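Q: Take this sequence and fold it.
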Amino acid sequence: MGLLSEGSPLSWEETKKLAEHVRNHGVEQFINLYERLKDRKGDVLKWGDEIEYMLVRLDQNSQRAQLNLRGPELLKILQEKEQTSPSNHPTTWRPEYANYMVEGTPGKPYGGTLAHFNIVEANMRLRREEVRKLLDEQNGEAPLSLTAFPRLGCPNFTHPSYEPTPTDAGASKSIFIPDEVIFSDHPRYRTLTRNIRKRRGEKVCINVPIYKDTNTPSPFIEKFPNDADGESARAALPDHIYMDAMAFGMGNSCIQMTFQGCCIEEARSLYDQLNPFCPIMLSLSAASPFYRGYVSDIDCRWYVISSSVDDRTDEERGLKDLKENKHRIYKSRYDSIDSYLCESSERYNDIDLVIDQDVCKRLQNAGIDRLLAQHISHLFIRDPVSLFSELINQDDTQDSDHFENIQSTNWQTMRFKPPPVNSTIGWRVEFRPMEVQLTDFENAAYVVFMVLITRVILSFELNFLLPISKVDANLVEAQKRDSVLNGKFYFRKDVRTCPKQCTGNIDKEYALMDINTIINGGPIEGGADFPGMIPLINQYLRSVNVDVDTRCTVLTYLNLISDRAAGKLKTTARWMRDYVDQHPDYKHDSVITDKINFDLLTLCNKITRGEHHPEGLLHTQTSRTNDDIPLPLKKQINQDDNTIKQHEENMRMKSWPEQNGI
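A: Alright, predicted model coming up:
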């Protein structure tokens, strides 16, 4: 979830007084990072994934599924193994927002060889198995890769169970979520929750349209017995599912990916080129149709999580004139990006970019180009919302915590990441929109597909740029029910045109397409054909050497993606909707009862374990995944790795000589 600094957390009142201090020194830290690292070159493709797992308890006796608050306990055990052998342990574990969550990543990043595609799924299986071994399966405990728990915020939704305490003294003041749900072994999460609410001046407000089934009340209006001050009643909209806490968003799970570029220029190019894929992959991975025990009319979590951390004041949201605040801010701090970074992409920056003008001038005066300066100064219109007393005063030439404080709490669809202080790591981009799937096979398929897209973009020098406003429109479209089947998305018609050569009418460069056309190819307006991402990937695969097992595995992954896009297979969201609709206890009133939830998640667990093969969701869960790359390749890869490590160490020593005795 971002930077996890240690120390004593400050209240919002204390943090607010230091906001300008953090911004001022954060900008200086970025300037120093940029000056040291702008010329770093020669890094190789490295990439990795992050998956958040939910700990669930399936109680056979009560026929109830609950979220299991054992995360902190399990995390200590999981991290012991990593700490014992940090250089070669195959998995890494980190906390997430809620006590029922753990986040797992590969122990080290994957590299440029295609053979690494064949170990992704095996590593995901290992991660899940490491968690499973620590759970009491006899009592129904299971690790599920579930985007949204259907009854999050309903009575007794956790084990052990707690009651909400909606008072101002608490972190969230929620009438649905007890603070005991928030991760308890690090103060960042409760501090963020409280400070976001305090900065906003009221509780966060999430209103998701309810799915109007045949017996759903119309209008659908709820009453909240524990809403003592009436704040929730005023905030809730008719015909919407109302939620009031950060946990409703940050308590969801997802897949995130990070890609390292060979240099800052390649990282900036990837940031720009991957942005149009954010809505497409959100739609294609849709997996969260249920919220707070109701069937919603959306399939994805994005709006929910965006609203759950929206700390903008009334003035910043345009509800009042600016007096106390500096900027009218048009988006939550968890939303889509607002600008491209490359000079050749600038013509597609067609929305108002709110920036701190003083920060922008300061960055440019320090030698940072205008587009990157605007990007950073846009991030720095935000206040810090979590600050620790021990980290107030830092050495801006050697530290980056103030920069990361602001950077890591701008949770956007893409993130541009400079190398850390005194690190062998290079310039990176993070791809953040995808929803997590039920099985390791599916998650590996989506991850490998996205890596292949980066290879196609860079190898064939393709151009997928769209106006930012069209990407934003696509993101709205992606969240609609069954958007993968019924949605129309703006997408570039000719992807082989170099961005530097595009000077004509931008509106003629794109057309509305469905997901099937974008992924599999087909005719578009004007009689032309769009090549499709999978045909482009297959063209790339024919141009490189791939071992047989890896090729077979990749083909099974591409078949899954292709068939989801074509509607031959259901998204997780559609499969869940159909299951609930056919459940004997469902009264077509949009209500997910305890029994429906239990049966659904019990079946999800069986699917995850490979014990049930649902028709219409998957053709297969079988690939040739392996724990390691083929022996004939391993010797050469190890030799290459030694060369890469030496280069990375040289880059570190060159960039940070004073920290390395030089």
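
Q: give the contact list for the residue nearest to Ser8 when sequence neighbours are not counted.
A: Counting by C-beta to C-beta, 6 or more residues apart in numbering, Ser8 lies nearest to Ser389, which is 4.7 Å off, once chain neighbours are set aside. From N, CA and C alone the C-beta is placed, and that goes for glycine too. With contact taken as C-beta atoms under 8 Å, 6 or more residues apart in numbering, Ser389 is in contact with 7-10.

Q: For those, which ChimeraX command selects only the ones that are buried?
A: Typed into ChimeraX, the line below selects the buried ones among the contacts of Ser389, using 16 or more other C-beta atoms under 10 Å:
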select :9,10
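
Q: can you redo the contacts of Ser389 as TSV with distance to Ile206?
A: Below are these laid out as TSV (distance: C-beta to C-beta, whole Å):
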residue	distance to Ile206
Gly7	30
Ser8	30
Pro9	25
Leu10	26
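
Q: Pull the most distant pair out of the contacts of Ser389.
A: Farthest pair in the contacts of Ser389 (C-beta to C-beta) is Gly7 and Leu10. Separation: 9.2 Å.

Q: Common neighbours of the two, please.
A: Contacts common to Gly7 and Leu10, judged by C-beta under 8 Å, 6+ apart, are 388-389.

Q: What does the pLDDT read for Lys500?
A: In this model, Lys500 is scored at 72, pLDDT.

Q: for Leu458, same thing?
A: The model's pLDDT for Leu458 equals 96.

Q: how much space between it and Asp49?
A: As judged by C-beta to C-beta, to the nearest Å, Leu458 and Asp49 stand 19 Å apart.

Q: Compare neighbour counts for these two and give me the winner.
A: Neighbours per residue, other C-beta atoms under 10 Å: of Leu458 and Asp49, the larger number sits with Asp49, 26 against 17.

Q: Now do the more buried one, the pLDDT please.
A: pLDDT, read off for Asp49, is 98.

Q: Could you do Val554 as well?
A: So, for Val554, pLDDT stands at 97.

Q: which residues touch the residue nearest to the spatial centre of the chain?
A: Most central in the chain under C-alpha atoms, centre = their mean is Arg432, positioned 3.3 Å from the mean C-alpha point. Contact analysis of Arg432 by C-beta under 8 Å, 6+ apart lists 254, 256, 278, 411-415.

Q: again, only using 10 Å
A: Arg432 makes contact with 50, 254-258, 278, 282, 302, 334, 337, 411-415 under the criterion C-beta atoms under 10 Å, 6 or more residues apart in numbering.

Q: Also Val476?
A: Residues counted as contacts of Val476 (C-beta under 10 Å, 6+ apart) are 279, 302-303, 336, 483, 487.

Q: Switch those over to TSV; also include secondary structure and neighbour count.
A: Shown next, in TSV, are those (DSSP: H, G, I helix; E, B strand; the rest coil; neighbours: other C-beta atoms under 10 Å):
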residue	secondary structure	neighbour count
Pro279	helix	31
Trp302	helix	26
Tyr303	helix	20
Ser336	coil	22
Ser483	helix	27
Gly487	coil	21
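
Q: what would those look like in a markdown table with distance to Ser469 and pLDDT?
A: Below are these laid out as a markdown table (distance: C-beta to C-beta, whole Å; pLDDT from 0 to 100):
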| residue | distance to Ser469 | pLDDT |
| --- | --- | --- |
| Pro279 | 12 | 98 |
| Trp302 | 17 | 98 |
| Tyr303 | 18 | 98 |
| Ser336 | 10 | 98 |
| Ser483 | 18 | 98 |
| Gly487 | 17 | 98 |
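
Q: Buried residues, stretch 628-641. List them.
A: In stretch 628-641, counting by 16+ other C-beta under 10 Å, buried: 629, 633, 637.

Q: Touching it from outside, list them.
A: For stretch 628-641, the external contacting residues (C-beta under 10 Å, 6+ apart) are 44, 90, 108, 110-119, 122, 545, 547-550, 644.

Q: the bottom helix or strand of this protein by mean pLDDT?
A: helix 631-655 (a mean of 85; mean pLDDT, DSSP states H and E).

Q: Helices of the stretch 101-250 of the chain, residue ranges please.
A: Using DSSP state H, counting those that start in this stretch, the helices of the stretch 101-250 of the chain run over residues 120-132, 188-200, 231-235, 247-250.

Q: average pLDDT across the first one?
A: To tie it back to what came earlier, the one meant is helix 120-132. Per-residue pLDDT values across helix 120-132 average out to 98.

Q: Renumber starting at 481 from here on
A: Happy to do that; since the first residue is 481 now, the last one works out to helix 600-612.

Q: just checking, what packs against it?
A: Helix 600-612 sits against strand 526-539, helix 551-564, strand 571-575, strand 581-586, strand 621-624, helix 920-940, helix 1028-1046, with contacts defined as 3 or more C-beta pairs under 10 Å, 6 or more residues apart in numbering; DSSP states H and E.
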